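> Curious how this folds, go ahead:
(one chain, ligands or ions: 1)
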Amino acid sequence: MIKIGPVHGADAKAFAALTYPRFRELLGAESTADGTGRRVTSIGAILEGRPVGLALLRHRAAGGDVPGETRMLSIMVSRGYRRRGIGWGLMQHAISAARGAESRKLTAYHSNRTRGREVFEAFLGASGWTPPKLAEFRLGGHADWTEKLTKSWDPMMRRLAGLGYAAEPWEDITDEDRAVADALVGDRESFNYRTFEPHIDPAISLVLRRHGRLVGWIFGESPETEGYHHYTNGYVVPELQALGWVVAGLHDVCRRQAEIYGPKSIAVYETVGENARMIGFMKRRLVPAGPLWVDERYSSALALE
Ligand SMILES: CC(C)(COP(=O)(O)OP(=O)(O)OC[C@H]1O[C@@H](n2cnc3c(N)ncnc32)[C@H](O)[C@@H]1OP(=O)(O)O)[C@@H](O)C(=O)NCCC(=O)NCCS
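Model prediction:
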């Protein structure tokens, strides 16, 4: 007989193989240790005394106008026990737990690199979840990847220099530049450079200019994982995007990264799934250059009304 119920701290080890290493410390915990204090639920399936399935959930309580939401961090059934309804049973318990935490929906993320992605998507579909939607597009490569393409990019860089292109350190911008940047951003929150500015790494953040006037920026961040540098916010006025200003900016910023952090440090570019324009650009201009990886992150949801 299959038994499905909460996994307590003492049993966490026995279930560890049923989730990703990065989530193992959450197993059996009451709340996350990341300072947010979000509640965690671990639901285990046991057959003849052996752990055979696990669903790990993290609840975000409602706040203001934002309703409560439960994220399914992982759900897994041991290989030899699949297709017997255990996943379905875990899902029903997950739904009850999410309702119990007063969440209005369940969400899950997976990537194009998730092993068995098609099975997982079929499983979610069978459980009434929405079809996966692109949430984030990311690619990573060594900082020297642009150097390898220098020959093919040199003519473009010369052409852009002739059109007034220049890239300089963001930290040197003036008040006048800020006024121009504020006007460009307007009230579009996702472009608001001021939100990202406190987190940037000045060594790899550039202001892009045309004939001296600010026309955009590229912000690099250097999070704690050594050797990884993220480019999460970049903007160039639309009329110059088509001329290759962003490509030139990336080329310059990668050169800087290679000089400062080494040619084999990793440059990761990421953009939200709704930014079709940037994703199109990345696919056309960056993917053919042979990145180390391309990561499409998908989200699915189940409304709990
Ligand atoms: C996804 C997973 C949890 C499903 O567990 P499971 O116990 O096999 O699922 P169930 O037997 O309850 O299946 C429920 C329904 O999902 C669908 N489904 C499950 N496996 C499927 C498969 N291989 N192909 C097509 N549909 C599938 C079916 O509709 C199934 O109902 P049915 O058997 O009546 O047709 C399991 O395959 C798994 O652990 N995969 C690896 C881990 C993983 O990828 N996790 C996702 C990332 S966190």
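
> now the helices: where do they sit in the stretch 1-150 of the chain?
Counting by DSSP state H, counting those that start in this stretch, the stretch 1-150 of the chain has helices at residues 12-15, 86-100, 117-126, 145-148, 150-162.

> between these, which gets the lowest average pLDDT?
Mean pLDDT is lowest for helix 145-148 out of those, coming in at a mean of 76.

> just how off-centre is that one within its chain?
When distances are taken as C-alpha atoms, centre = their mean, to the nearest Å, helix 145-148 is centred 24 Å away from the chain's centroid.

> Now do the same for the nearest residue to residue 236 once chain neighbours are set aside: its pLDDT.
Once flanking residues are discounted, residue 236 sits nearest to residue 216: 3.4 Å by C-beta to C-beta, 6 or more residues apart in numbering. Glycine gets a C-beta too; all of them are placed from N, C-alpha and C. We have a pLDDT of 95 for residue 216.

> Correct me if wrong, but residue 216 is in a strand.
Yes - judged by DSSP: H, G, I helix; E, B strand; the rest coil, residue 216 forms part of a strand.

> I'd assumed residue 237 was in contact with it.
Yes - assessed by C-beta atoms under 8 Å, residue 216 is found in contact with residue 237 at 6.3 Å.

> residue contacts, the residue in the chain positioned nearest to the ligand?
Closest residue of the chain to the ligand, C-beta to the nearest ligand atom: residue 87 (2.4 Å). Counting by C-beta atoms under 8 Å, 6 or more residues apart in numbering, residue 87 touches 53, 75, 77, 123.

> joint contacts of residue 216 and residue 237?
Between them, residue 216 and residue 237 share these contacting residues under C-beta under 8 Å, 6+ apart: residue 184.

> between those two, which one's more packed in?
residue 216 (22 against 14; other C-beta atoms under 10 Å).

> residues contacting the closest residue to residue 272 other than its chain neighbours?
Distances taken as C-beta to C-beta, 6+ apart put residue 136 closest to residue 272, at 6.0 Å, once the chain neighbours are dropped. Residues near residue 136 by C-beta under 8 Å, 6+ apart: 270-273, 295-297.

> Going by residue numbers, what spans are strands in the stretch 201-305 of the chain?
When assigned using DSSP state E, counting those that start in this stretch, the strands of the stretch 201-305 of the chain occupy the ranges 206-210, 213-221, 228-236, 266-272, 293-303.

> out of these, nearest to residue 110?
Among the strands of the stretch 201-305 of the chain, strand 293-303 comes nearest to residue 110, with 5.7 Å by C-beta to C-beta.

> Just name whatever secondary elements that closest one is in contact with.
strand 105-111, helix 117-126, strand 133-142 (3 or more C-beta pairs under 8 Å, 6 or more residues apart in numbering; DSSP states H and E).

> can I get the ones you listed in a markdown table with distance to the ligand?
Formatted as a markdown table, these follow (distance: least, C-beta to the nearest ligand atom, whole Å):
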| stretch | distance to the ligand |
| --- | --- |
| strand 105-111 | 5 |
| helix 117-126 | 3 |
| strand 133-142 | 15 |
